[in-house]
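A.B. asks: what shape does this take:
(one chain, ligands or ions: 2)
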Amino acid sequence: MAALTQNKAVLTWLDEQVKMLQPDEIVWIDGSEELYDKLRKEALSTGEMTLLNQEKLPGCLLHRTAPNDVARVEDRTFICAPTRKEAGPTNNWMDPKEMYAKLKGLYTGAMKGRTMYVIPYSMSVVGSPFAKIGIEITDSIYVVLNMAIMTRVGKNVMDALGDSPDFIKGIHAKKDVNPEDRYIVQFPQDNTICSVNSAYGGNVLLGKKCFALRIASYLGRNEGWMAEHMLILGIENPNGEIRYLTAAFPSACGKTNLAMLIPPEGYKAKGYKVWCVGDDIAWLRVGPDGRLWAVNPENGFFGVAPGTNEGSNPNALAATRKGTIFTNVALNLDDNTVWWEKLDKNPPVNALEWKGEKVNGPEYIANGGKLAHPNSRFTAPAVNCPCISSEFNNPQGVPISAIVFGGRRAKTAPLVYQSFDWNHGVFVGSIMASETTAAAAGAVGVVRRDPMAMLPFCGYNMGDYFGHWIEMGKKIPHQPKIFNVNWFRTDDEGNFIWPGFGDNLRVLEWIMKRAFDEIDAVETEIGYMPKPEDINIEGLDGITLDTMKGLLSVDKELWKEDVKSIKEFYSKFDEFDTLPAELKKELADFEARLAK
Ligand code: OXD
Ligand code: MN
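C.D. replies: Numbering: from 1, shown residues only. Ligands and ions are numbered 1, 2, ... in the order given. Below is the predicted model of the structure:
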């Protein structure tokens, strides 16, 4: 097949890969429906994909990965910068030469007897000042069809690249999905990503975590912008004015749910609306007006299926009703539709569980089985989402007024607080943490630090990443205000106090009022906090002013304990001495405030 470009850098790179991978055939993905159709048919004929009920789920397909290949593999993910210091204390590192040699061994002849697909894709709208181009080569139709949903793919991307050598190189070979030889490797200095022996989304859709976070965070540092693990949403008030925020949460804190929030009844009646710009990744740049502007570089949602339902996230559910690829969910054999835990109360009796074994759903669940894998996913086009923002495809992005960090803390963190200023906000982001819950194996209440939710996704030394945040603050004349939220405070019986979900808008409303200097706050040791009566609790069952006082209380003794754990976490950065002086000062100041 003719190449879609004459670009010398692209063709030379491809030639080298073809020599190494030795595919039987090469297919360029031009973005045409004809080609996708042909590939879908091929995947259906080989059993790689299953066609779902085309009346109920038009254009939807099901795929099962190997049971040993169902999630991102952080222990096999490497940042191969020239030195260990550049990768930093929180990333796995190997000498690039050694890693390239290892990968060459794994890749040589890996596509013999197979077809190599060449996918030109753009992260962000083609032609946007934010956009970056990647080329992923892969031997998996599943990857091609997922990339077609998650990114902007096609010939126009190569046309936009022209003869520039400025593209991110991605190589994926499925091989035999051997977990012992599975590697997800970023070479930030070479704009190169290598993935081998996996076929699970997070490891093989190279535009997402590998490029849009790991490589992009490194590029952002060099080029003066930011790549963050953040949702982006807009809140429309009754006057029709829309204010935007970004928010970073560790996994299992409801990021996709918050991004697609449905306002509580009272707010809906007044005319409030929430618009989703993105659910996972934000690229942020200083605009000509001195504000921080954000785009979602992706074009779809790669969301966790279990737990998604009409109550928790009707917008996400609606997004999955057409043109979606499901991975590792259960199949209802009676009507050829999909099912996952908590979708509804009717697990299919006549089912294939996620590995493809025929089971009686209710019995299987009663015996402790899971019909869908807990990390089963939907890959859904963003345009399907009923609350997708009208600015989703705006090449300039949206102006950001607030940055929200959050974690899952049973006692320490209050419902919401605001940082005193930018540097204090960076400190607040750097100490982000979640406590393990009883749902996960291991000890309950163990604090895991996940700064800015970027621990697995920072493409360079995380101490330098904190430094970049500090530097960015100096470059943004009109900085967004920085906040922290915690939806997960519990009472003495361990029950969540705050209702969460749509009611989180009540907290976001306060955040936006603060961001626009429309409301006073109380100064505390940890930051500015709402007066308990300033969070609107109208129409909330069982939440009183006293409840709000509890949710907004600051227990200095707990924070003193937390300071010990922050120090322990910060000491990781002693090895290369990369923790910015500004954060050391923030910690010292915080300790002094607590000691008063
Ligand atoms: C994701 C993740 O899949 O953060 O988005 O793991
Ligand atoms: Mn994520």
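
A.B. asks: so for stretch 128-135, what gets flagged as buried?
C.D. replies: For stretch 128-135, burial by neighbour count (16 or more other C-beta atoms under 10 Å) applies to Ser128, Phe130, Ala131, Lys132, Ile133, Gly134, Ile135. Every residue, glycine included, has its C-beta placed from N, CA and C.

A.B. asks: how is the protein partitioned into domains?
C.D. replies: The chain breaks down into these domains under automatic domain parsing: 8-30+76-223, 228-296+392-595, 301-383.

A.B. asks: so what's whichever residue of the stretch 101-250 of the chain sits closest to ligand 1 up against?
C.D. replies: Closest to ligand 1 within the stretch 101-250 of the chain is Gly202: 5.2 Å, counting by C-beta to the nearest ligand atom. Applying C-beta atoms under 8 Å, 6 or more residues apart in numbering, one finds that Gly202 lies in contact with Ala71, Arg72, Lys208, Lys209, Phe302.

A.B. asks: hang on, the earlier thing: intersect the buried residues of stretch 128-135 with the contacts of ligand 1.
C.D. replies: Contacts with ligand 1 within those, counted by C-beta under 6 Å from any ligand atom: none were found.

A.B. asks: redo the residues you listed as TSV? Include pLDDT and secondary structure.
C.D. replies: Below are the buried residues of stretch 128-135 laid out as TSV (pLDDT from 0 to 100; DSSP: H, G, I helix; E, B strand; the rest coil):
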residue	pLDDT	secondary structure
Ser128	95	coil
Phe130	96	coil
Ala131	98	coil
Lys132	98	strand
Ile133	98	strand
Gly134	98	strand
Ile135	98	strand
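
A.B. asks: quick check: residues of this protein near ligand 1?
C.D. replies: Residues of the chain that fall close to ligand 1, judged by C-beta under 6 Å from any ligand atom: Arg72, Gly202, Ser251, Asp280.

A.B. asks: let's see 5 Å
C.D. replies: Ser251, Asp280 (C-beta under 5 Å from any ligand atom).

A.B. asks: just for the chain, where's the confidence low?
C.D. replies: 1, 437-444 (pLDDT under 70).

A.B. asks: let's check: the centremost residue of it is which one?
C.D. replies: With distances taken as C-alpha atoms, centre = their mean, Asp280 lies nearest the centre of the chain, 3.2 Å away.

A.B. asks: before we move on, back to that, closest one to Asn495 out of the buried residues of stretch 128-135, please.
C.D. replies: Nearest to Asn495 among those: Phe130, at 42.5 Å, using C-beta to C-beta.

A.B. asks: one step back: and the residue of the stretch 101-250 of the chain closest to ligand 1, that's in a helix?
C.D. replies: Yes - membership of Gly202 in a helix is supported by DSSP: H, G, I helix; E, B strand; the rest coil.

A.B. asks: assign a three-state SS to the residue in the stretch 301-450 of the chain that ligand 1 sits nearest to, would you?
C.D. replies: In the stretch 301-450 of the chain, the residue that lies nearest ligand 1 is Phe302 (6.1 Å; C-beta to the nearest ligand atom). Recorded secondary structure, Phe302: strand (three-state DSSP).

A.B. asks: now do the same contact list for it.
C.D. replies: Residues near Phe302 by C-beta under 8 Å, 6+ apart: Asn146, Met150, Gly201, Gly202, Leu205, Lys208, Asp280, Arg377, Phe378, Thr379.

A.B. asks: related to what we said a few turns ago, would you reformat the domains of the chain as a markdown table and include distance to Leu44?
C.D. replies: A markdown table is the format used below for these (distance: least, C-beta to C-beta, whole Å):
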| stretch | distance to Leu44 |
| --- | --- |
| domain 8-30+76-223 | 10 |
| domain 228-296+392-595 | 28 |
| domain 301-383 | 12 |
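
A.B. asks: if I look at the residue of the stretch 301-450 of the chain closest to ligand 1, how far off is Lys355?
C.D. replies: Computed as C-beta to C-beta, to the nearest Å, the Phe302 to Lys355 distance reads 21 Å.

A.B. asks: what of Leu51?
C.D. replies: Using C-beta to C-beta, Leu51 is found at 19 Å from Lys355.

A.B. asks: just Asn203 next, same as before
C.D. replies: Distance, Asn203 to Lys355, by C-beta to C-beta: 19 Å.

A.B. asks: more neighbours: which of the two?
C.D. replies: More crowded of Asn203 and Lys355, by other C-beta atoms under 10 Å: Asn203, with 26 against 14.

A.B. asks: which non-adjacent residue is nearest that one?
C.D. replies: Once flanking residues are discounted, Asn203 sits nearest to Ile184: 5.1 Å by C-beta to C-beta, 6 or more residues apart in numbering.

A.B. asks: related to what we said a few turns ago, most neighbours, which of the contacts of Gly202?
C.D. replies: Of all the contacts of Gly202, the most densely surrounded is Lys208 (26 neighbours; neighbours counted as other C-beta under 10 Å).

A.B. asks: so that residue: helix, strand or coil?
C.D. replies: Under three-state DSSP, Lys208 comes out as helix.

A.B. asks: wait, it sits on Ile281?
C.D. replies: Yes - counting by C-beta atoms under 8 Å, Ile281 is a contact partner of Lys208 at 7.3 Å.

A.B. asks: what is in contact with the two at once?
C.D. replies: Common neighbours of Lys208 and Ile281 (criterion: C-beta under 8 Å, 6+ apart): Glu298.

A.B. asks: ok so, going back, who does the residue of the stretch 301-450 of the chain closest to ligand 1 form a beta bridge with?
C.D. replies: Beta bridges link Phe302 to Thr379, judged by DSSP bridges.

A.B. asks: returning to that earlier point: so what's the residue nearest to Asn203 bridging to?
C.D. replies: In this structure, Ile184 bridges to Thr77, Ser195 when assessed by DSSP bridges.
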